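Trainee: I would like the atomic coordinates for the input below:
(chains A and B)
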Amino acid sequence: MENLLKLHMKPDVEYAELRVARISNLVIEMKNGEVTKCVQGTDSGLSIRLLSDGALGFSSTSKFGKNEFARCFENAYKIAKNMDIHDIKLEDVSIESSTAIWSGRKKHADLSLEEKIRYIGELYALTKQYNEIKSVTLSYMESTIENEYYNTHGAKLLTRVPRTAVRMQIVAHSEGAISNITGSVGGTGELEILDIYPPAEELKNKCASAVRLLHAQRAPSGLCTVVADNALTGVFAHEAVGHACEADAVIAGASCLAGKIGEKIGNDIVTIVDDPTLPHQNGSFPYDDEGTKARRKVLIDHGYLREFIHSVETATKLKMSKNGGARAESYAVPPLVRMSNTYIEGGDYTFEEMLKEIKFGVYAKGSRGGQVDTTKGTFQFSAEEGFLIENGVLTKPLRDLSLAGDILGVFHQIDAVGNDVKVGHPGNCGKGQWVPVSDGGPHIRIQNARVGGG
Amino acid sequence: MNYEKIIEWARGKGIEAEIFNLSTETMNVNIDNHRIHSIEKIKNNGYGVRVVVDGRTGFSYTTENTARAIERCLDNAIRSAKHGKECKGFRLPDGKNIPSMKKDASKKIKDLNVETIKEHIQRLLDTVKSLNRDIFVAEGHFACGVEKTVITNTSGLFAEWEKTAMGIFISTAYPTPEGVYVGFEEAESTDFDVDFEQIGRSAAKLAQDSKNPTKLESGRMHVILTPHAARSILESALLTMFQGDYAMRGESVLTGKTGKKVFAEDLTIIDDGLAENTLSSMPFDDEGVPSQKNILVENGVLKQYIFDALSAAEHGTSSTGNGVRAMRLSAGRTFKNTPSPKMRNFVMRGDTRRLEEILKDYAPCLVVHAVLGAHTANPVTGDFAVNAPIVFEYSNAEFHPKRQGMLSGNIIAWLSQHVVLGNDTRKLYGTFMPTNFEMPSILIPDAQVTGSGN
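Mentor: Now for the predicted structure:
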């Protein structure tokens, strides 16, 4: 393949890279004990990105063959030649030559399709003990992405990243009330992922939440003290700081954190990290989609903004070091600056100590995701359930509450960070393309948080 | 691809089989910091193969364009069908009675070249600057392309359709010493007929008008959702409730309410699969069932849910022409999934008045232009709490910008009030599902708003 790339090079092409990928998937969906979907598939193709006269060109195809390659290269070349901007530089591009073949202790192939279906059936049986639970959807998902990466600076990488996950949706009914909760466990790895993050444990917790939500009241609306659990802390780190630290947004003039590296934007107790090297996490990878080795990035260090997440292009432009943050959903699309596993580091507080000091507040648990406007610097994220905190004690269960706030400000409102860090919560982050991520952290306490309930 | 040979092979084995082919050629243009940053050409082609063996369905997909790959898919699908839920009444659609529909593939879009697109986008960028030199397009995306669908099966169906589409979204930023104000605009069409200057003008004006906001008070008030904000909330909080597979399993607050009054008595909701010139217009759905117009709610009374062929057969009813292939939380169609019930073209009818009249009659009221986090709504219960970053109060015949707030409620409770629809209907496409929306502004007479607290 790298020979094909060399063969098509033109004198006025400064740099070119080729990604070839084969993605295989298996999804088994079981609704109320019956298999409603069993999908096996493969998706393969290649893409070429090149730099000519300071302009980028990109083209991709799901077809293979010499002619298709030539057409793809020509498309990318023509695009670059048609661009009006000529100031893009790519410095310090990958020259790595390596293989990173991730494989699990227990292979996907170690269980037959029948055995996987039986496994999901056994999980479903656990939900039968709850009379109120009327509908359960369980999805087992495995995927393997095999990538080849070549560039004209000699980089040659072969990587294989398998992922395994179980997603669950539970609906409960009682006396006219209805509740709905979702959950997922998973990460990079094969069947051992089901031992590391046992789906049965998550399922039992979610079933208990679904039943509790039947009797929950809507959360109060207004400003109050909020304690966020590990999952919600994770989505907070992802939405409130991670996206604004993506250097493409910084360069576009679309991040409220532009020009603030080195500034104090939060309390001393706040440290936020994005780390694709964590083992078995959903957002982990060995090399990004520009062939840069993955590495840990401290975005906020004891309240100080330290680092943005970079591609080669953004690092060159901002005269900073590249840090392996360029990820693409698949071979079909170019890499963008993305997060991986984003979390808040632990502090000193126990959960009980955090609650003890609160006269009236809200304990928000579980995440239904969120969204951010990095330009304006505002974010929103939603909890799956909550509890009122009255005089230091959890009292009434709450449902459907969201939190919103300003990126520049909210980190000064965090006045307690727990000592119980948990990273996990596999999900997909959307930015025109979906990439697998995870997040987490300890319990945190936020003063004067804006809560939206009923 | 020689479909006939493969279909004959399946017939010979006594298996019902279906091949769904989706091929797309797309050009994406990315704008950042008020200039075209990059352009991509993407070509994708794939096959989804579904079989029915003894009433059980199996599915597999591939991007490989060979008869051997399709046969491998057939084998995989047959293997997975063994474990599928049995549905005796399910037959692959026979393709009879497919209505004739105006061919809407646009020659202009097919012939579009990079130069023409660049010219139009430059005109948009110039229009933004002509309104206010300090305002710029922070981020934007333009996409155009051709999508060809072919469906054939052993029931005698052979259907094909070619579509063209274009879409543009821009977000504007207006940095001032007091803060950054933002605006946005979007447009989608089956033809290259969008007014690019108008897009620029509208997004720039929104950012400019947002300057110097004042505190937003909390409380219950009249709220007007612009078509964009209404689309976002309805897409995530309401649409899933009509999906027959969910509703029949009890995963919808509308479960068991057919024939009952669920909304205000003058509200009618239609899924119009026969509407022409929308991004989702096709004479058949993604399994070859004729498109049709479905009245879902008539004068506040729930009339029916929507079904694909399989979920309809499971529940002893007929497909409503809503078998759509999409991935979870994705607005694009795919060959990688089986059909499931999804709205094609969402239409609302009710007490429609001129927007100026609504503003006058309901002043003081809040006009919400955009919401963040609508996808965190609970699709089963209809509860939501979203951030509203661009908000104006209309009072004394003028719009007054307000600081961001939160908007929370329950979609069923909202639409049970006497809502008023504006005469400003726009065609907008879904963000998380491949659905077209014919969306007017909506006045919600009594909505909970949580102010910004400063």
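Trainee: below-threshold pLDDT in chain A: ranges please.
Mentor: Counting by pLDDT under 70, chain A shows low-confidence ranges at A:454.
Trainee: how does chain B divide into domains?
Mentor: Listed by automatic domain parsing, the domain ranges of chain B are B:3-209, B:219-451.
Trainee: just put the ones you listed in CSV and tack on mean pLDDT, distance to chain A and mean neighbour count.
Mentor: Where you see a C-beta, it was placed from the backbone N, CA and C, and this is true even at glycine. Formatted as CSV, these follow (pLDDT from 0 to 100; distance: least, Cβ to the nearest Cβ, whole Å; neighbours: other Cβ atoms under 10 Å in any protein chain shown):
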stretch, mean pLDDT, distance to chain A, mean neighbour count
domain B:3-209, 96, 4, 19
domain B:219-451, 96, 3, 21
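Trainee: format the ones you listed as TSV; extra columns: distance to A:I269.
Mentor: Output for the domains of chain B, formatted as TSV (distance: least, Cβ to Cβ, whole Å):
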stretch	distance to A:I269
domain B:3-209	27
domain B:219-451	25
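Trainee: so which residues of the stretch 51-200 of chain A form helices?
Mentor: Along the stretch 51-200 of chain A, the segments classed as helices by DSSP state H, counting those that start in this stretch run A:66-82, A:113-125, A:193-196, A:199-213.
Trainee: save those as CSV, and put in distance to chain B too.
Mentor: Compiled in CSV, those are given as follows (distance: least, Cβ to the nearest Cβ, whole Å):
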stretch, distance to chain B
helix A:66-82, 4
helix A:113-125, 5
helix A:193-196, 19
helix A:199-213, 9
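Trainee: can you lay out those as TSV showing mean neighbour count and distance to A:L157?
Mentor: TSV is the format used below for these (neighbours: other Cβ atoms under 10 Å in any protein chain shown; distance: least, Cβ to Cβ, whole Å):
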stretch	mean neighbour count	distance to A:L157
helix A:66-82	19	19
helix A:113-125	15	31
helix A:193-196	18	24
helix A:199-213	19	32
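Trainee: make TSV out of these and add distance to A:V185.
Mentor: Output for the helices of the stretch 51-200 of chain A, formatted as TSV (distance: least, Cβ to Cβ, whole Å):
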stretch	distance to A:V185
helix A:66-82	38
helix A:113-125	11
helix A:193-196	8
helix A:199-213	5
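Trainee: which one of these lies closest to A:S184?
Mentor: With Cβ to Cβ, the closest approach to A:S184 among these belongs to helix A:199-213: 7.6 Å.
Trainee: nearest to A:K37, out of the domains of chain B?
Mentor: With Cβ to Cβ as the yardstick, what comes closest out of those is domain B:219-451 (6.3 Å).
Trainee: for the closest one, how far is the first residue from the last?
Mentor: In terms of Cα to Cα, to the nearest Å, the two terminal residues of domain B:219-451 are separated by 8 Å.
Trainee: over to stretch A:424-444?
Mentor: Start-to-end span of stretch A:424-444 (Cα to Cα) is 16 Å.
Trainee: just the buried positions in that stretch, please.
Mentor: Going by neighbour count (16 or more other Cβ atoms under 10 Å in any protein chain shown), the buried part of stretch A:424-444 is A:424-431, A:433-444.
Trainee: which one of the residues in the stretch 101-250 of chain A is closest to chain B?
Mentor: The nearest approach of the stretch 101-250 of chain A to chain B comes at A:N180, 3.5 Å away (Cβ to the nearest Cβ).
Trainee: for that residue, give the beta-bridge partners.
Mentor: Beta-bridge pairing for A:N180 (DSSP bridges): A:V171.
Trainee: ok, it - contacts?
Mentor: The contact partners of A:N180, taken as Cβ atoms under 8 Å, 6 or more residues apart in numbering or on different chains, are A:169-172, A:210, A:213, B:251, B:378-381.
Trainee: again, only using 10 Å
Mentor: Applying Cβ atoms under 10 Å, 6 or more residues apart in numbering or on different chains, one finds that A:N180 lies in contact with A:135, A:169-172, A:210, A:213, A:368, A:384, A:399-400, B:251-253, B:378-381, B:383.
Trainee: of the domains of chain B, which is nearest A:N230?
Mentor: Relative to A:N230, the nearest member of the domains of chain B by Cβ to Cβ is domain B:219-451, separated by 17.9 Å.
Trainee: the closest one: how far from the chain's middle?
Mentor: How far domain B:219-451 lies from its chain's middle: 10 Å, per Cα atoms, centre = their mean, to the nearest Å.
Trainee: could you do stretch A:389-401 as well?
Mentor: Relative to the chain's own centre, stretch A:389-401 is displaced by 29 Å; criterion: Cα atoms, centre = their mean.
Trainee: do the same with stretch A:443-454
Mentor: With Cα atoms, centre = their mean as the basis, stretch A:443-454 stands 23 Å off its chain's centre.
Trainee: picking up where we left off before, wait, which of the domains of chain B is closest to A:A80?
Mentor: The closest of the domains of chain B to A:A80 is domain B:3-209. By Cβ to Cβ, the value is 8.7 Å.
Trainee: and B:I233, how far from B:A374?
Mentor: Distance of B:I233 to B:A374, computed by Cβ to Cβ, to the nearest Å: 5 Å.
Trainee: wait, A:E246
Mentor: On the measure of Cβ to Cβ, A:E246 and B:A374 end up 22 Å apart.
Trainee: B:I36 too?
Mentor: Between B:I36 and B:A374 the computed distance is 29 Å (Cβ to Cβ).
Trainee: same deal with B:I42?
Mentor: Note on B:I42: its distance to B:A374, by Cβ to Cβ, is 28 Å.
Trainee: next: B:E178.
Mentor: In this view, B:E178 and B:A374 are 28 Å apart by Cβ to Cβ.
Trainee: B:R403 - nearest residue in space that isn't next to it in sequence?
Mentor: Using Cβ to Cβ, 6 or more residues apart in numbering or on different chains and skipping residues adjacent in sequence, the residue nearest B:R403 is B:S452, 3.9 Å away.
Trainee: doesn't B:V391 make contact with the one you found?
Mentor: Yes: counting by Cβ atoms under 10 Å, B:V391 is a contact partner of B:S452 at 9.2 Å.
Trainee: which ones are touching residue 98?
Mentor: With no chain named, the answer covers chain A. A:149, A:155-159, A:286-287, A:291, A:293.
Trainee: switch to chain B, please.
Mentor: By Cβ under 10 Å, 6+ apart, B:I98 lies in contact with B:157, B:159, B:161, B:282-284, B:288-291, B:321.
Trainee: ok, which stretches of the stretch 301-450 of chain B are strands?
Mentor: Taking DSSP state E, counting those that start in this stretch, the strands of the stretch 301-450 of chain B run over residues B:301-302, B:323-324, B:340-341, B:345-349, B:352-353, B:365-372, B:383-395, B:398-402, B:405-410, B:420-422, B:426-429, B:436-439, B:442-450.
Trainee: would you list those strands in a markdown table and tack on distance to B:I7?
Mentor: A markdown table is the format used below for the strands of the stretch 301-450 of chain B (distance: least, Cβ to Cβ, whole Å):
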| stretch | distance to B:I7 |
| --- | --- |
| strand B:301-302 | 40 |
| strand B:323-324 | 19 |
| strand B:340-341 | 24 |
| strand B:345-349 | 31 |
| strand B:352-353 | 48 |
| strand B:365-372 | 47 |
| strand B:383-395 | 46 |
| strand B:398-402 | 60 |
| strand B:405-410 | 48 |
| strand B:420-422 | 47 |
| strand B:426-429 | 33 |
| strand B:436-439 | 32 |
| strand B:442-450 | 47 |
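Trainee: tell me the contacts of residue 212?
Mentor: Just so you know, I chose chain A. Taking Cβ under 10 Å, 6+ apart, we find A:R212 in contact with A:132, A:172, A:179, A:181, A:385, A:387, A:397-399.
Trainee: not quite, go with chain B.
Mentor: By Cβ under 10 Å, 6+ apart, the residues touching B:N212 are B:176, B:178-179, B:181, B:400-401.
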